[in-house]
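In: Take a look and give me a structure for this.
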Amino acid sequence: MADFIDTHSRRPKEANITMGIFKPTTHVGCGMLDFNEKGMVTYYEEKPLNTNLKWANAGIFAAEVNYILGLESLLPTISDFSKDFIPTHFKEFYTHQINDYHIDIGTEENYILANNIN
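Out: Residues are numbered from 1 along each chain as shown. As a prediction, this is how the structure comes out:
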């Protein structure tokens, strides 16, 4: 986790949020994205039916406290961060690649799998 926080502390000034990303074995049930050479998200699609994108949103984020507090005004319109916020604000996201084992628990199947890991 220290490397994730370090990545966030070194983010470009146009980035408000750092998103952990990983390469899933399947895109089903994942928010998929693309990013540029600076690590800034350039495209995001929540749970696409078909895609050629290779990186997924890991559901792990870092942001400064003042930015998070500023999101409070959006609460009436946001019930799902990945579905309601990221697609319209993706250009504010910087990426941190997670190369260790990661399970996206955004589907019931993966949630059950994660809870049964010993």
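
In: can you tell me which strand in this structure is longest?
Out: strand 55-63 (DSSP state E).

In: which residues sit against that one?
Out: Residues outside strand 55-63 that contact it (Cβ atoms under 8 Å, 6 or more residues apart in numbering): 4-5, 8, 16-24, 27, 30-35, 44, 82, 86, 95, 97-98, 102, 104-106. Where C-beta positions appear, they are placed from N, C-alpha and C, glycine not excepted.

In: what pairs with the residue nearest the centre of the chain across the strands?
Out: For the chain, the residue nearest the mean C-alpha position is N57 (3.4 Å; Cα atoms, centre = their mean). Applying DSSP bridges to N57 gives these bridge partners: I21.

In: Would you mind measuring from it to G106?
Out: Distance, N57 to G106, by Cβ to Cβ, to the nearest Å: 9 Å.

In: do the same with S79
Out: Distance from S79 to G106, by Cβ to Cβ: 15 Å.

In: what's the distance between I21 and G70?
Out: Per Cβ to Cβ, I21 is found 24 Å from G70.

In: Please check the contacts of strand 55-63 and keep the buried ones.
Out: Among those, those classed as buried by 16 or more other Cβ atoms under 10 Å are 4, 8, 16-22, 24, 27, 30-35, 44, 82, 86, 95, 98, 102, 104, 106.

In: and those residues, which of them are in helices?
Out: Of the buried ones among the contacts of strand 55-63, the ones assigned to helices by DSSP state H are 4, 8, 86.

In: Y94 bridge partners, please.
Out: Judged by DSSP bridges, the bridge partners of Y94 are T18, M40.

In: Settle this for me: it is touching M40, isn't it.
Out: Yes. With contacts counted by Cβ atoms under 8 Å, Y94 reaches M40, the gap being 6.0 Å.

In: who's more crowded, the two?
Out: Y94 (21 against 17; other Cβ atoms under 10 Å).
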